[in-house]
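Engineer: curious how this folds, go ahead:
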Amino acid sequence: MSEAKMAVPFATSSQDSEVPAQAQRRKFSAEDKKRILEEADRATQHGAIGALLRREGIYSSTLANWRRERDAAVKKAFSTKRGPQSKRNPLASENEKLRRHNQRLKEELDKAHIIIEVQKKVARLLEHPISETPGEEN
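Structural biologist: Numbering: from 1, shown residues only. Model (predicted):
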């Protein structure tokens, strides 16, 4: 009797019937995606795309994402510029911008000096001299 109680109630098979603890995502190769997209693009009959989705076991949103990825890759491929790449230093534009700014400030300073000289001459003519500041050149 002890042997009868120890007997396995189910027949063991060569396949493992236990469900894995963590599900694995299906991965489609680039060739599979391309094949499925081409087949979906060729589908002209009513319900043909639905049959394709059921047969491949994918959702319509997956198909839409693959189309979006394909379109983005095509757009990127055609938007690349031909010819040699620019060897310009990225700091060169910043340097040029600072030079232009410096030149503009020098011009404004020169204008200010001219205005101050005119004010001094007018003050001398009106006999109200403006006091000289130390370190100022004549």
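
Engineer: give me the local confidence score for Ser61.
Structural biologist: At Ser61, the pLDDT value in this model is 94.

Engineer: check which helix or strand covers it.
Structural biologist: Ser61 is part of helix 60-79, with elements assigned from DSSP states H and E.

Engineer: quick one: the helices in this structure?
Structural biologist: Remark: helices assigned in the chain by DSSP state H are 2-6, 30-42, 48-56, 60-79, 90-125.

Engineer: which one of these lies nearest to Ala23?
Structural biologist: helix 60-79 (16.2 Å; Cβ to Cβ). (C-beta placed from N, C-alpha, C; glycine too.)

Engineer: between that closest one and helix 30-42, how many degrees?
Structural biologist: Interaxial angle of helix 60-79 relative to helix 30-42 (axes from the mean of the first three to the mean of the last three Cα atoms, to 10 degrees): 100 degrees.

Engineer: burial measure for Ile36, as a count.
Structural biologist: Neighbourhood size, Ile36 [other Cβ atoms under 10 Å]: 19.

Engineer: so it makes contact with Glu56?
Structural biologist: Yes - using Cβ atoms under 8 Å, Ile36 is in contact with Glu56, at 5.9 Å.
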